[in-house]
Every structure is written in structure tokens, then in C-alpha cells.
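In: dropping the sequence and predicted coords here.
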Amino acid sequence: MNHIFARKALIQKGWMDNVRLTVRAGKIDSVKDNVTPEPSDFVAGVVIPGLCNAHSHAFQRALAGRTEERSPAGQDNFWTWRERMYELAGRLDAAALAAIARQAYAEMLASGYTSVAEFHYLHRQPGADDTDDVMFHAIRAAAESSGIRLTYVPVLYERAGFDQPEAEGHQKLFALDLDSFLEHHGRVSEHTADRIHTGIGAHSLRAVSQDSMQAIADASDAAGIPVHLHIAEQQREVDQCLSSYGRRPVRWLLENFAVDERWCLVHATHLDTDEVEDLATTNAVVCLCPSTEANLGDGLFPLHDFLSAGGRIAIGSDSHVSINPFEELRWLEYGQRLASRSRNIASLQEPHVGRELFSRALAGGLQASGQTSRGLQVGAPADLVAMYDDDPMLVGHGAASLLDALVFSGYRLPIERVMVHGEWRVLDGDHIDRADTRQAYTDTLQRIGIAS
Ligand SMILES: [Zn+2]
């Protein structure tokens, strides 16, 4: 049993002072405010719930910072980046994936993410003809050793495009037929545990047929688990969908599927006005990954209109050019400010943008990862972040502006400890296994020829 005393904590009923949390068997056993600490308590300055990273491709951590030079052709875009990503995927065996994912997950924990939805299409090692789930086990092992809460979201990838029925080139590492995919999902679902959950998904509308998409939606229904897909990240895929299906991607999805709160639409970047309204009313979550979307030149999501219509959002670090939830929230707001030449866009329910973005990302992330209990309350998983209240970033900030300070006033985070399922995984601001994790990551990058 653990006891945590926080001079200030964001619990289910809001910011409270002098809060004592008791943790038992991975869950919060009691929450009391306006109390005094006991001698054995861990005393923290500020405690907040951990956030869910609702969209991750862990292996792409090894690509971050390595695609920023202009190519000889000089016309770099998402699709040229994708070739570099495919090239990396072609080097990864299960051991490499495990080491890279472990590093990514350790960094997530150290920045305040306590759970991750791993959107996984890398189903094969190079040269392997069949699927033996080794890439799933690599992800599971990385989650277990780092301590992050995992929602494993296997996604189907069965074709190169709307009018290309076969996967091409490196995509063959991703490709499964529907039956093999559903069998994989069935097998991995048997590995669910306290910190290991499953979802299901499709890579995108262009990569999956309508019949297969329906089978995936049915599997989500039957198991009561989230269903994820990339939906409208690039204008080119919107144009291709219009050409092949006669509808924009979100419109087509809404017309053909019973989209509801189990759905997580990743990168719903390109929406027309009617799609904004109609998608918002489904209670589906839109997962936005602002640092990746900026890095890849995707475009800007119509955040204000979507939130005004009642839409729900989550955030993800996606390609891991940034692993910092507060930076994602900052750029989510900054993109809108730059486009609209105004300020404080995402403050529709709360006067403070940081508080509102954090609350929305917390709720949306839990929904997208299939977790039911919200925030720090009795019965919820003990997934939390303890911060120094004497850090200059937080000094003098009360409940109203504390999250504004975290989102908008710096890059370095004042995190002292992070707990997942009742266990401290970050101490003194870094992951408890940081040395081993970094060494394994470095060795792996050298072995696969990414680093010298
Ligand atoms: Zn993605």
C-alpha cells in the first residue's frame, strides 16, 4: 500500500489542497482532502492524473530527427517521408522493435503519459512469411518492462490504395488477410492483464476494403473495445476517397458505419463544415497529434468549430518527433491562434485554455483507450504524475492557472515521479530503468544501421 500526500491535487471533483491518496493493488483506495500528511507519506507538491497517449507508432521513435534534410528532388512531403518510414520498418526484427518501443515508452512516462494506445500494423519481421505474433510480443514486452499501461490496437493493412488491391513493397511487412488479422486479434486478446488492454482497427480507408472495415467494426462491437483508424490526414487521401467512393472519408464513414463513442478517428484533419457537425454528434473521439501533423505538413484541424459542436478529442505523439503531452496541447492551441490571428481558442467550457485542453485530452484519451474510470477517484487505476511545486514554472500558480503554466510556459517539465497501476516508474524526473533502456536503444540503432 502506498500513501501520497499532495499539497495540491487535481482529483475528480477538481483542484483540492492537502490531498491524501491511498493506493492499494494498483487502484486508488481512498481520496481525502484538507488533511495533514502522515510520517510515511510520499509528499508531493502537485499531483495530476496521467494522460493517455492515444496514438503511437513506437518504432518511429528511431526516425525522429532523421528526416529533416531536403531531398535532392526538393519536393518533400508526407509521401516522401513515408518512404523513409517504410525503409526503417524494413530493418526491424522483434528485438529491435522491443528496444525502440521500450525507449519510447520510458520517455512517455517521464513526460507524464501513463498509458499508450499502440496503433500497430508492423505485423511481420523482414523475411518472415507467416505471422507468429512476435511483433505484438515485442510491444507487450516493452510495455511491461517500462511499466506503461498499454492498449494494443492491431490494425489491418490489406491493400496499397483504394484501387490497388495488393500491398506493395515494404507494405508487405504490414499486410494480413482479414481472417489472419482476426485470428491475430483473438490470440493477443488472451494476453490482456492489469496493464495490457486491446483495441482493434484499420490502418485507413485506403488500406482496407469496406467488407473488412465492417468485420473490424463488428469485432469491436462484439468485444466492446475501441476501434481506431487514420481517417483524413492528407488532402491526397481525401481526393482519392472522393474519386473511389464518391464521398470524403469522414462523410463516407458516417454514411456506412454506426460511428459512436467506441470509435477513435485519428487525424480527422480535413473536414468540411457538415462533417465537423455530424462527426461531433457521434461522440467519437478525434485523436490529434499536433507535433507530428506539423512535422509532416498535414494541415490544421478545425478545433474551435469541432469543440463548439460538442466534439471530443484526444492527443497522441504518433511519430514521436515530440514526446510531451503538454507540447501537443500547446501546439493544438497555437496552430489555431496562428491561423485565426486570435488567442485563447480552446476555452469554451473553462476560462483557462490549459485546464480545458488537459480535461478534454484526459477524458478523450481514456475513452479512446477503452478505460472507463476517469481521473483520480476511488476505484480508478493509480496512474498519476507528481510535480515539484517549487519549480519556477509552477511557483505562484493556483488552481486556475496551473495547467496553463504547464501547457504554455516551457518545454522542460517539473515532473518528480510518475506512477502507473500503483508502481512508481519515474523517480527524480526520469525513468527508473533509464540507463539500461538507453543502452539497449543505442545498441539497437547501431545494429540495424540507423546510428554509427
Ligand atoms: Zn498514425
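Out: That came through, no problem.
In: show me what contacts Ala314?
Out: 52, 54-55, 264, 285-288, 361, 364-365, 367-368 (CB atoms under 8 Å, 6 or more residues apart in numbering). For the C-beta atoms, the positions are set from N, CA and C on the backbone; glycine is no exception.
In: can you tell me which of these are in strands?
Out: In this view, these that belong to strands under DSSP state E are Cys52, Ala54, His55, Cys264, Val285, Val286, Cys287, Leu288.
In: okay if I get those as a markdown table plus neighbour count, distance to Phe119 and pLDDT?
Out: Formatted as a markdown table, those follow (neighbours: other CB atoms under 10 Å; distance: CB to CB, whole Å; pLDDT from 0 to 100):
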| residue | neighbour count | distance to Phe119 | pLDDT |
| --- | --- | --- | --- |
| Cys52 | 31 | 13 | 98 |
| Ala54 | 34 | 9 | 98 |
| His55 | 27 | 6 | 98 |
| Cys264 | 32 | 9 | 98 |
| Val285 | 28 | 13 | 98 |
| Val286 | 29 | 14 | 98 |
| Cys287 | 29 | 9 | 98 |
| Leu288 | 31 | 14 | 98 |
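In: which SS class is the nearest residue to His352 once chain neighbours are set aside?
Out: In space, and not counting its chain neighbours, His352 is closest to Asp404: 5.3 Å by CB to CB, 6 or more residues apart in numbering. What DSSP: H, G, I helix; E, B strand; the rest coil gives for Asp404 is helix.
In: residues in contact with Asp404?
Out: Counting by CB under 8 Å, 6+ apart, the residues that Asp404 touches are His352, Val353, Gly354, Arg355, His397.
In: over to Arg61?
Out: Ile100, Ala101, Gln103, Ala104, Glu107, His320, Ile323.
In: okay, the first one: pLDDT?
Out: Which is Ile100. Predicted confidence (pLDDT) for Ile100: 98.
In: quick one: it and His57 touch, right?
Out: No. Applying CB atoms under 8 Å, one finds Ile100 not in contact with His57, separated by 10.3 Å.
In: quick one, which of these two is more surrounded?
Out: Ile100 (27 against 22; other CB atoms under 10 Å).
In: make sure that one is indeed in a strand.
Out: No. Judged by three-state DSSP, Ile100 forms no part of a strand; its state is helix.
In: nearest spatial neighbour of it, skipping sequence neighbours?
Out: With CB to CB, 6+ apart, the residue lying closest to Ile100 is Ala62, at 5.0 Å.
In: how many neighbouring residues does that neighbour have?
Out: When neighbours are counted by other CB under 10 Å, Ala62 comes out with 25.
In: try Arg330
Out: Neighbours around Arg330, by other CB under 10 Å: 23.
In: so how far is the helix or strand hosting it from its chain's centroid?
Out: Secondary structure from DSSP states H and E places Arg330 in helix 325-340. Mean-position distance between helix 325-340 and its chain equals 17 Å (CA atoms, centre = their mean, to the nearest Å).
In: so for that helix, what's the average pLDDT?
Out: On average, helix 325-340 scores 97.
In: check contacts around the residue nearest to Ile100.
Out: If you count contacts by CB under 8 Å, 6+ apart, then Ala62 has Leu88, Ile100, Thr444, Leu445, Ile448, Ile450 around it.
In: CA atoms only for stretch 367-385 - export them in PDB, please.
Out: Provided in PDB are the C-alpha atoms of stretch 367-385 (Å, rounded to 0.1, in the frame of the first residue of the first chain):
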ATOM      1  CA  GLN A 367     -12.300   6.800 -24.000                       C
ATOM      2  CA  ALA A 368     -10.000   6.100 -26.900                       C
ATOM      3  CA  SER A 369      -8.100   3.500 -24.900                       C
ATOM      4  CA  GLY A 370     -11.100   1.800 -23.600                       C
ATOM      5  CA  GLN A 371     -10.700   2.800 -19.900                       C
ATOM      6  CA  THR A 372     -13.800   3.600 -18.100                       C
ATOM      7  CA  SER A 373     -12.900   5.400 -14.900                       C
ATOM      8  CA  ARG A 374     -11.800   9.000 -15.100                       C
ATOM      9  CA  GLY A 375      -9.200  10.900 -13.100                       C
ATOM     10  CA  LEU A 376      -8.200  10.500  -9.500                       C
ATOM     11  CA  GLN A 377     -11.100   8.900  -7.700                       C
ATOM     12  CA  VAL A 378     -11.700   5.800  -5.600                       C
ATOM     13  CA  GLY A 379     -11.600   2.700  -7.700                       C
ATOM     14  CA  ALA A 380      -9.700   4.300 -10.600                       C
ATOM     15  CA  PRO A 381      -6.300   2.900 -11.600                       C
ATOM     16  CA  ALA A 382      -3.500   4.700  -9.700                       C
ATOM     17  CA  ASP A 383      -2.000   6.400 -12.700                       C
ATOM     18  CA  LEU A 384      -0.700   9.800 -11.700                       C
ATOM     19  CA  VAL A 385       2.100  12.400 -12.000                       C
END
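In: mind giving me the domain split of this protein?
Out: Using automatic domain parsing, the domain parsing of the chain gives 2-49+375-435, 54-368.
In: Leu10: neighbour count?
Out: With other CB under 10 Å as criterion, Leu10 counts 25.
In: distance from the chain centre to the helix or strand bottoming out on mean pLDDT in the chain, please.
Out: The weakest-scoring helix or strand in the chain, judged by mean pLDDT, DSSP states H and E, is helix 78-89 (a mean of 91). With CA atoms, centre = their mean as the basis, helix 78-89 stands 20 Å off its chain's centre.
In: other residues contacting it?
Out: By CB under 8 Å, 6+ apart, helix 78-89 touches 59-60, 62-63, 66-67, 71, 73, 122, 169-171, 173-174, 233-234, 236, 296-298, 319, 450.
In: and if you look at stretch 211-226?
Out: With contacts defined as CB under 8 Å, 6+ apart, stretch 211-226 is touched by 117, 151, 153, 156, 158, 178, 182, 185, 189, 197-202, 205, 208, 227, 229, 256-258, 262-264, 367-370.
In: report the buried residues of that stretch.
Out: Ser212, Met213, Ala215, Ile216, Ala217, Ala219, Ser220, Ala223, Ile225, Pro226 (16 or more other CB atoms under 10 Å).
In: work out for me the element the first one sits within.
Out: In this structure, Ser212 is located in helix 210-223 according to DSSP H and E.
In: following element in sequence after that helix, please.
Out: Using DSSP H and E, the helix or strand that follows helix 210-223 in sequence is strand 227-230.
In: show the subsequent helix or strand relative to that following strand.
Out: helix 235-245.
In: state the mean pLDDT of that following helix.
Out: Here the average pLDDT along helix 235-245 is 95.
In: all numbers from here: first residue = 3
Out: All right, first residue 3 from here; so that's helix 237-247.
In: would you map the helices across the stretch 253-402 of the chain?
Out: Per DSSP state H, counting those that start in this stretch, the stretch 253-402 of the chain carries helices over the ranges 275-282, 292-297, 305-310, 327-342, 355-370.
In: fine, thanks again, bye for now.
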